[in-house]
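A.B. asks: got a predicted structure here, sequence first:
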Number of protein chains: 2
Amino acid sequence: MLEGLSVQDNGIPIYVQLRDQILALIGRGQLKPGTQMPTMRQVAVTLKIDLNTVQRAYAELEREGVLSKQRGVGTFVTDTVPPPRNTKKQLQEFAARIAAQAKGQGIALDELADALTRLVGTKR
Amino acid sequence: MLEGLSVQDNGIPIYVQLRDQILALIGRGQLKPGTQMPTMRQVAVTLKIDLNTVQRAYAELEREGVLSKQRGVGTFVTDTVPPPRNTKKQLQEFAARIAAQAKGQGIALDELADALTRLVGTKR
DNA sequence: GTCATTGTATGAAAGTATGCATACAATGGA
DNA sequence: TCCATTGTATGCATACTTTCATACAATGAC
């Protein structure tokens, strides 16, 4: 799984690159819920980056709810919990956030919507 | 043209965001060779960022040969068009990332896609 | 020549990112 | 219990990013 990761010096912070790459792996279904993530130290050594940097990426992913960490054990991809009570409002806000992000990358909203719809299919 | 630009605080340096967005605009053909770029000061004021930050983005683009600057005159898009960026791949990556984020928040992909599609409508 | 415009340059200050070194804390297995 | 593994935390050093303030330099219009 570590082969799917790589960082480079293009101005984008390493922890952001790592965070986004892991997000992509999960979103693409190449990292399934419940699977154990490589150890922070493994990532640090393999990618030749600092443990603190990995820590930061993992911490953000945990805050976003996609990873869960256990001391002395390891880090795992979160099991998809059934949407507890996701309000329309929450959805709208999330969508708006995503829309802004997409715009920032020069990605058209309708294309993004299409891509997401396609992902719905490939995931099951 | 300034409408096509926006920056946000997502960990990625502002000058990188700006640099990449301009690259995308040119690569997409929305900024044609020879056209004059907005003044550095215009960009700075409009995006509410510092002149130095814009300067850095423009400087990198000039170093890459995408822009050429002329004192007292302005900045222009170079005739040599950069190789088209792999937007399809980029879109997929972005979508995958978003998918994982949504999952972490218990948001269904199809609902998100719907919400985004609705946003497309409201935007014009 | 004068003047507004536009790019160029600098220095200080505050915050962030990264690396390096080191240590602590929880877990689970021998 | 002892120990290796894994996440957590800190302190220090260095470099990068951004803002603010200010100034200089070339260009073109008048």
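C.D. replies: Now that the structure is in, tell me what you want to look at.

A.B. asks: shaky segments in chain A?
C.D. replies: Counting by pLDDT under 70, chain A has low-confidence residues at A:81-86, A:123-124.

A.B. asks: now for A:Val7: which residues touch it?
C.D. replies: A:Ile14, A:Gln17, A:Leu18, A:Leu47, A:Ile49 (Cβ atoms under 8 Å, 6 or more residues apart in numbering or on different chains). No exception for glycine: its C-beta is placed from N, CA and C like everyone else's.

A.B. asks: just the closest of these to A:Arg63, please.
C.D. replies: Relative to A:Arg63, the closest of the contacts of A:Val7 is A:Leu18; by Cβ to Cβ it sits at 14.4 Å.

A.B. asks: buried sites along the helix ranked longest in chain A?
C.D. replies: In chain A, with assignment by DSSP state H, the single longest helix is helix A:88-104. Counting neighbours by 16 or more other Cβ atoms under 10 Å in any protein chain shown, one finds that the buried residues in helix A:88-104 are A:Leu91, A:Phe94, A:Ala95, A:Ile98, A:Ala99, A:Gln101, A:Ala102, A:Lys103, A:Gly104.

A.B. asks: that one near DNA strand D at all?
C.D. replies: No: using Cβ under 7 Å from any atom of the strand, helix A:88-104 never reaches DNA strand D; the gap is at least 12.8 Å.

A.B. asks: centroid-nearest residue for chain A?
C.D. replies: A:Leu23 (1.8 Å; Cα atoms, centre = their mean).

A.B. asks: and the next helix or strand past the helix or strand containing that one?
C.D. replies: Assigning secondary structure by DSSP states H and E places A:Leu23 in helix A:14-27. Remark: after helix A:14-27, the chain's next helix or strand is helix A:40-47, criterion DSSP H and E.

A.B. asks: C-alpha coordinates for that next one, PDB please?
C.D. replies: The C-alpha coordinates for helix A:40-47 follow below in PDB (Å, rounded to 0.1, in the frame of the first residue of the first chain):
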ATOM      1  CA  MET A  40       3.500   6.200  11.000                       C
ATOM      2  CA  ARG A  41       7.100   5.200  11.300                       C
ATOM      3  CA  GLN A  42       6.800   3.000   8.300                       C
ATOM      4  CA  VAL A  43       5.500   5.900   6.200                       C
ATOM      5  CA  ALA A  44       8.100   8.300   7.600                       C
ATOM      6  CA  VAL A  45      11.000   5.900   6.800                       C
ATOM      7  CA  THR A  46       9.700   4.800   3.400                       C
ATOM      8  CA  LEU A  47       8.900   8.300   2.200                       C
END
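
A.B. asks: next helix or strand past that helix?
C.D. replies: Next along from helix A:40-47, by DSSP H and E: helix A:51-63.

A.B. asks: name every strand pairing with the next helix or strand after that following helix and say which way it goes.
C.D. replies: Per DSSP H and E, the first helix or strand lying C-terminal to helix A:51-63 is strand A:67-70. Sheet partners assigned to strand A:67-70 using DSSP bridges are listed as strand A:74-77 (antiparallel).

A.B. asks: mind listing what's buried in the strand it pairs with?
C.D. replies: By neighbour count with 16+ other Cβ under 10 Å, strand A:74-77 contains the buried residues A:Thr75, A:Val77.

A.B. asks: and it, does that touch DNA strand D?
C.D. replies: Yes: Strand A:74-77 reaches DNA strand D (Cβ under 7 Å from any atom of the strand) through A:Gly74, A:Thr75.

A.B. asks: around DNA strand D, pick out the residues from chain A.
C.D. replies: Applying Cβ under 7 Å from any atom of the strand, we find that chain A lies next to DNA strand D at A:11, A:37, A:39-42, A:51-52, A:55, A:58-59, A:69-75.
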